[in-house]
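>>> Sequence first, predicted model second:
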Amino acid sequence: MTRRPPARRRRRGSRTKRRKGGGSEELWLLGLAAAVAFSLIMALLSWLASHPWVLILIFVAAVGAGWLRLRRRRAAARWDQVRSQGLRYAVEHLDGLHYNDFEFAVRDLMHRDGCSDAVKVGGRGDNGADVKATDPYGRRWVIQCKHRRAGWSGSAVGTPDLQVLNGTGRQVHGGDVLVMLTNGRFSAPALDFAKSQRLHLVDRHLLAQWAGGSRPLWELLRAVPPPRKPSSLS
């Protein structure tokens, strides 16, 4: 019977020792990493304990982020409801709104008609635009809103308001369709000026037809510019 050479036995033994030594080294490194991580966590907790305002800021930021997320979800649900049920406004209801809410209502109606980017921009420094939107045909709409508490009996929208829209609607806002919209009426000079400058007017009667019906505004207005791009609605 042939015995194995002693050298082989020694090499096998050395391999076993190396394996054992390697395992011990890995355990030592893991223990060191755990100790370092624990030290860092304890140092962070100690620092936070001495700076409680940081925790307050983190809490406020988390609450704010949660509120924004909830608001977006509610807005998405609202638009889904609008699309499924169809938005309608009686003109008498629009009379009772604050002018700011009146502008939001116009924005919602444009969104109902398929202008997915409709936005209310009215306010100080709005440069003659309260609502801006792009219709499914690619046309850019710039709408200036004039709310009258007394409706048709209120003061007529005059030429000066139209001049502001005419001066900024195309040059500043890049509008294709410039609209002056009111729940009241327009003066005779305003009607003439709008016709000469290719401005579109929506008075109380047309607003009632648009807000209370289902046809988009571009089907109710005359001489609207042609579509900018092909559309499934074309």
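Okay, I see it.
>>> from here on, contacts and neighbour counts on C-alpha atoms
Noted.
>>> show me where pLDDT drops low in this structure?
For the chain, residues meeting the criterion pLDDT under 70 lie at 1-23, 75-85, 123-125, 229-234.
>>> which stretches of the protein form helices?
6-50, 52-85, 91-95, 99-112, 159-168, 188-196, 204-211, 217-220 (DSSP state H).
>>> And the contacts of the shortest one?
With contacts defined as C-alpha atoms under 8 Å, 6 or more residues apart in numbering, helix 217-220 is touched by M110, D113, L206, W210, V224.
>>> Could you dump those residues into a markdown table with distance to C145 added?
Formatted as a markdown table, the contacts of helix 217-220 follow (distance: C-alpha to C-alpha, whole Å):
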| residue | distance to C145 |
| --- | --- |
| M110 | 13 |
| D113 | 18 |
| L206 | 14 |
| W210 | 15 |
| V224 | 19 |
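>>> Buried ones among those residues?
Among those, those classed as buried by neighbour count (16 or more other C-alpha atoms under 10 Å) are M110, D113, L206, W210, V224.
>>> Where do the domain boundaries of the protein fall?
Following automatic domain parsing, the chain resolves into domains at 6-82, 88-220.
>>> Nearest approach to R228 belongs to which of these?
When these are compared by C-alpha to C-alpha, domain 88-220 sits nearest R228, at 5.0 Å.
>>> from the contacts of helix 217-220, which is closest to V63?
M110 (32.6 Å).
>>> There's contact between Y99 and H147 in this structure, I believe.
Yes - taking C-alpha atoms under 8 Å as the definition, Y99 is a contact partner of H147 at 5.6 Å.
>>> the more surrounded of those two?
Ranked by neighbour count (other C-alpha atoms under 10 Å), Y99 and H147 place H147 first, with 22 against 16.
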